[in-house]
Every structure is written in structure tokens, then in C-alpha cells.
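Visitor: Sharing a sequence plus its predicted fold:
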Amino acid sequence: MTSSVWLHKDEDFRPGAELFRSERHFEWWSYSATHGQLLLRADSMPGAGHRLSTTTEVLFKPVDAVQMQGTYRGLVIRCATEEEAAQIDRDTSGWCLSEKDRVLMLESEGVTDYVITAAVGWCEGVLSDLQPSFFNTFSAYDPMWPVKPLHGVGGEFDIASPHDVAEAFLTGLPEGVRRERHRYVHVLTAVTEENGRRSRHNVGVFLTETDAEEAKRLVEPHVASCWIEPLAVVL
């Protein structure tokens, strides 16, 4: 990781203070209703036809209100002045701002937008093609491979079809391309018992939950216990 910053304290947000500046091309990358997370990503310069060696991500959390473009050719994030914050409070009928909320201004090419949020942070570094983002990484507390840029409820537009999964097994996956799609398969696991000793076995992987349930029905009479768990296939 080249750099990592997280701002959430009152002293981090002085009225009018500049927090972040970059010449990169940013895109609205992901949103999760869980904790109101909003993620921007930049891995290229405006007008460039290639990816940079590092990726920059900016996370706002939790977001209460936003006025934002889909892309920014260069981006400055600063704290609103007291006058700007008061005007936005009036424009949003005052229902958004709480004691913990900060009004942040987003500026790019003469356009000024805003985000009302409690905290903001950013990371820059080398993002593996398998890693969905810097802000949703593998955790021992939830030992499942992360398949979305943000933890929680999202749009689920990155779910691959069963045909895509089968095609990947038949033809392979291209090199140097980000793995941004996934599909959950269903793993049937069983525990057998012999001479008082128990052993755990992964019995099979099934593309549909219906097939997995049928396999479980057939296996169940012959084992001490069995169950189905979802597992992500990352494409």
C-alpha cells in the first residue's frame, strides 16, 4: 500500500480545508446500502488509454445525501465553508445533517458537488486483479473470499451466469484482466464416522441450489451429517 488515510474526527474537518487532490480520472465505482458506503475509483489519467500501475480509491461512509457526477477528470475534496454547509442544509430541508455529519465539496473542471457523510478515506496502491477493492478485503472474522468492492447489500450487477462459469472452465480466463464477476456455487460437505472417528469430506460442487439439495438428500442416509455452503467462483 502506497498510502492510506481515514478521516473521522472533528479536528479532521476544518471549514474550507482541502482534504484530497488528484489529477486522475475517477469513476463512481460502487455503492452499498449497508452502512451507506460510496466508493470512487481511479486507475488512469484523463484521456489515457491504459491503466496506471497503482489504483486510488476514495470511500465515503456513511453517506446521508449526495450530489455527484458519474466521473471526474481530476478531483479535489474539501470541507464546505460554513456558508456552503448552511445552504446545502437548506436545500436538503435540513433532514440530512446530524451532529456527526460533515459536508464535503467535490470539485472538478468547474463543477462543484457535495457529499454529506460522517467519514472519508482513501487508499492508493497496487490492487490485485483478484482483489475487489482496498476497502473489502479477506477477514478471519468472515472467512469467505470477498467478491464485491464493498461489503453488504449492493446492486449485484456483477453476478455471472451459469453459462459464464461453464465457459470459464472450458476455455480459461484471460490474463491481465480484473476479476470483477462472480457466481456462487453450492458445496456439499459431509461428515462420516468409522470406529468412533469422524472425518469431514467435500463431496461435490453444484451450480444450482436445487441440484445441491437433491445430492444432499441422496447422501444424507449414509453419513453422520451433511450440509450445503455457498462458495464464490471468481471470474
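Guide: The structure has been received and is ready for your questions.

Visitor: got any ranges where the protein has weak pLDDT?
Guide: Applying pLDDT under 70 to the chain flags the ranges 1, 94-97, 154-157.

Visitor: what residues go with each domain of it?
Guide: 3-125, 158-235 (automatic domain parsing).

Visitor: So for the shortest one, first residue to last residue, what's the gap.
Guide: Looking at domain 158-235, the gap from its leading to its trailing residue is 10 Å under the measure CA to CA, to the nearest Å.

Visitor: Give me the neighbour count for residue 26.
Guide: Number of residues near residue 26 (other CB atoms under 10 Å) recorded here: 24. Backbone N, C-alpha and C define where each C-beta goes, glycine included.

Visitor: Same question for the one 5 residues further on.
Guide: The number of residues packed near residue 31 is 19, by other CB under 10 Å.

Visitor: Repeat that for residue 217.
Guide: Count around residue 217 with other CB under 10 Å applied: 10.

Visitor: quick one: contacts of the helix or strand hosting it?
Guide: According to DSSP states H and E, residue 217 maps onto helix 209-219. Helix 209-219 has contacts (CB atoms under 8 Å, 6 or more residues apart in numbering) with 186, 187, 188, 190, 203, 204, 206, 226, 227, 228.

Visitor: who wins for neighbours among those residues?
Guide: The contacts of helix 209-219, ranked by neighbours (other CB under 10 Å): first place residue 188, 22 neighbours.

Visitor: on that earlier part again, return the most buried member of the domains of the chain.
Guide: Stretch with highest mean neighbour count among these: domain 3-125 (a mean of 16; mean count of other CB atoms under 10 Å).

Visitor: just to revisit the earlier point, of the contacts of helix 209-219, closest to residue 135?
Guide: residue 187 (27.1 Å; CB to CB).

Visitor: Identify the residues contacting that closest one.
Guide: So residue 187 contacts 202, 204, 205, 206, 212, 228, 229, 230, 231 (CB under 8 Å, 6+ apart).

Visitor: Tell me which helix or strand comes right after the helix or strand that contains it.
Guide: In this assignment (DSSP H and E), residue 187 forms part of strand 182-194. Per DSSP H and E, strand 182-194 leads on to strand 197-206 as the next helix or strand towards the C-terminus.

Visitor: can you name the farthest residue from the center of the protein?
Guide: In the chain, the greatest distance from the average C-alpha position (CA atoms, centre = their mean) is reached by residue 195, at 47.0 Å.

Visitor: OK, contacts around that residue?
Guide: Counting by CB under 8 Å, 6+ apart, residue 195 touches no other residue.

Visitor: roughly how far apart are it and residue 220?
Guide: 21 Å (CB to CB, to the nearest Å).

Visitor: roughly how far apart are residue 101 and residue 117?
Guide: Taking CB to CB, one finds residue 101 at 7 Å from residue 117.

Visitor: and what of residue 24?
Guide: From residue 24 to residue 117 the distance is 21 Å (CB to CB).

Visitor: can you pull out the strands in the chain?
Guide: Taking DSSP state E as the test, the strands found in the chain are 3-7, 18-32, 37-42, 55-67, 71-79, 102-108, 111-125, 182-194, 197-206, 225-234.

Visitor: Export those strands to TSV and append columns for distance to residue 152.
Guide: Shown next, in TSV, are those (distance: least, CB to CB, whole Å):
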stretch	distance to residue 152
strand 3-7	18
strand 18-32	4
strand 37-42	7
strand 55-67	11
strand 71-79	23
strand 102-108	21
strand 111-125	16
strand 182-194	15
strand 197-206	26
strand 225-234	15
